[in-house]
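Show me how the following folds:
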Amino acid sequence: MPVLTRRRLLASAASLPLLGASPPKRRNVLFIAVDDLNDWIGCLGGNPDSRTPNFDRLAARGVLFTKAYCAAPLCNPSRAALMTGLRPSTTGVYDNNQPFRRSPVSKDAVTLAQYFRAHGYRAMGSGKIFHDAFPDPASWDEFHPSLDKQKLPDPVPEKLPANGIPNTAHFDWGPLQNPDADMGDYKVVDYVTSQLRKKQDKPFFLACGLFKPHLPWFVPAKYFDRYPAGALTLPSVKDDDLDDVPPIGVQMAKPNGDHKKVLEYHQWRKAVQSYLAAIAFADAQLGRVLDALDQSEYRDNTAIVLWSDHGWHLGEKLHWRKFTLWEEATRNVLMMTVPGVTRPGGRCNRPVSLMDIYPTLLETQGLPAKPGLEGVSLMPLLKNPAAAWEYPAVTTFRRGNHSVRGERFRYIRYSDGSEELYDHQDDDLEWHNLASDPRYDVVKRDLARWLPDVNAPDSPRSRQGAE
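Below is the predicted model of the structure:
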């Protein structure tokens with residue numbers, strides 16, 4: 001039986017209700033997305049200088065997945081896959097300019113929010129849930145600022161580029177002399193908290209999409225003040241890191257692009273400061289949401305899932321941004337709290353995928369299983385974070401390029417057949433490619449079993465959505 005077909009069947013079977021069981025009380029769902037956030041939050045320890053009390057407090061309420069991975073290391077394919085339950089390799093949605101509603105496979109997909117609507121929930125939200133250029137009005141009963149517009153504008157400095165690097169578009173950073181209330185994410189949270197204060201006549205699926213720390217890193221100056229640039233810890237980088245990487249991987253890294261510019265203009269410390277400041281701003285907005293929930297009548301009957309759409313490089317492997325199949329770009333934040341299911345302080349070190357959110361929420365909310373989903377319900381790990389788990393996490397970057405992340409190893413196979421293999425037991429920074437070592441042939445074969453059976457042709461593109 002094909003591997004992904006087997007996963008679909010397992011996901012469906014795991015979500016089937018027990019015969020004779022009374023239906024559980026419908027919980028509300030608070031669905032929080034954070035853009036471009038890697039593991040630089042306190043509870044994940046990706047950067048020792050980062051202070052994120054609100055991410056940490058939410059993680060402590062339920063289960064923090066320390067090895068969560070995206071379906072694709074860029075916004076549109078990752079979000080489309082999560083929300084439809086269909087992988088990029090299935091739909092052909094590989095890039096940011098491919099709307100999933102134009103894919104022959106996913107054009108009629110029932111998104112996660114739509115599924116909740118169809119089962120008696122009021123689906124509403126604000127901010128970036130789908131990719132900016134491709135909001136999905138069919139998914140929502142109500143969306144702020146409108147069904148056709150997700151993102152609210154942010155202020156920008158008077159002088160651009162603020163970092164002094166020419167021709168960088170939005171690859172820019174620096175402090176703003178604006179209050180928090182001027183920021184788009186602040187207004188997103190205003191909407192979300194207003195819904196939590198209202199009397200809702202139905203169970204709700206409430207989405208909150210935070211845009212920061214997506215570029216440009218322009219946030220109020222007070223967040224920069226928390227992180228003096230000269231005292232910050234920079235990522236560990238090996239100058240010859242790409243020497244054992246296949247040409248296609250080097251092409252993705254583009255070491256003579258962003259990284260060269262950052263070094264030439266002496267912006268590495270300022271960039272790290274700015275990313276941390278943007279995370280701190282997002283953390284403050286998350287705190288407002290959590291406070292509103294805790295002060296509401298929905299506190300004890302609301303499941304919370306918080307996820308980021310992928311990770312982010314800040315010079316590791318001589319690369320910036322996402323757009324690779326390495327750990328920094330593919331690893332994301334995932335935490336879940338489900339009343340009556342999770343216990344406080346859970347940490348799960350099993351490899352899981354954002355693809356698993358859709359079937360998990362159906363099962364935790366007692367909704368019927370949806371056939372065809374390509375993730376696996378995380379319910380066993382929510383109940384017991386140390387439970388046995390046989391599934392690695394698969395990430396796809398453009399057609400035919402895949403990473404398989406197991407509990408110990410990462411295996412990458414590119415469209416031209418070239419490979420990388422990293423042993424995270426001894427090499428968390430993925431500095432040593434073991435793919436050519438015959439001692440690891442069995443490891444490669446085992447992980448290769450999970451590669452997608454299908455690599456769908458590219459779905460139609462749009463002139464919008466490139467970033």
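
Provide the backbone phi and psi angles at the spatially most central residue of the chain.
Central residue of the chain (CA atoms, centre = their mean): D309, 2.0 Å from the mean position. Comment: the main-chain dihedrals of D309 come out as phi -80, psi -20, following degrees, to the nearest 10.

Contacts for stretch 271-282 next, please.
Contacts with stretch 271-282, where a contact means CB atoms under 8 Å, 6 or more residues apart in numbering, come from 34, 37, 40-41, 47, 49-52, 163, 173-175, 180, 183, 185, 210, 212-214, 217, 219-220, 223-224, 226-229, 232-235, 262, 312, 314, 320. Quick note: C-beta positions are derived from backbone N, CA and C, even for glycine.

Now go through those residues and say which are in helices.
185, 223-224, 262 (DSSP state H).

So which of these wins on neighbours?
Neighbour counts for those (other CB atoms under 10 Å) peak at D185, which has 30 neighbours.

residues touching that residue, list them.
By CB under 8 Å, 6+ apart, the contact set of D185 is 127, 152, 154, 210-212, 281-282, 285.

let's go with 6 Å and repeat that
By CB atoms under 6 Å, 6 or more residues apart in numbering, D185 lies in contact with 210-212, 285.

per-residue confidence averaged over the helix ranked longest in the chain?
Secondary structure assigned by DSSP H gives helix 268-294 as the longest helix of the chain. Averaging pLDDT along helix 268-294 gives 98.

After it, which helix or strand is next?
For helix 268-294, the succeeding helix or strand toward the C-terminus, using DSSP states H and E, is strand 302-308.

Direction included, what does that next one pair up with?
Strands that pair with strand 302-308, judged by DSSP bridges, come out as strand 28-34 (parallel), strand 331-337 (antiparallel).

and it with helix 268-294, angle?
Angle, strand 302-308 to helix 268-294, by axes from the mean of the first three to the mean of the last three CA atoms, to 10 degrees: 170 degrees.

Could you list the residues in contact with strand 302-308?
Contacts of strand 302-308 (CB under 6 Å, 6+ apart): 27-32, 34, 37, 332-338, 354, 364.

Y358 against T84, yeah?
No: contact status for Y358 versus T84: not in contact, 8.0 Å apart, counting by CB atoms under 6 Å.

neighbour count winner among these two?
Here Y358 and T84 are set side by side on neighbour count (other CB under 10 Å), and the busier one is T84, at 27 against 24.

quick one: the nearest residue to that one once chain neighbours are set aside from V341, how far?
The spatially closest residue to T84, leaving aside those adjacent along the chain, is A109, at 4.1 Å (CB to CB, 6 or more residues apart in numbering). With distances defined as CB to CB, to the nearest Å, the gap from A109 to V341 amounts to 27 Å.

neighbour count winner among these two?
Under the neighbour definition other CB under 10 Å, A109 and V341 were set side by side, and A109 has more, 20 against 17.

which regions of the stretch 1-150 of the chain lie under the pLDDT threshold?
1-25 (pLDDT under 70).
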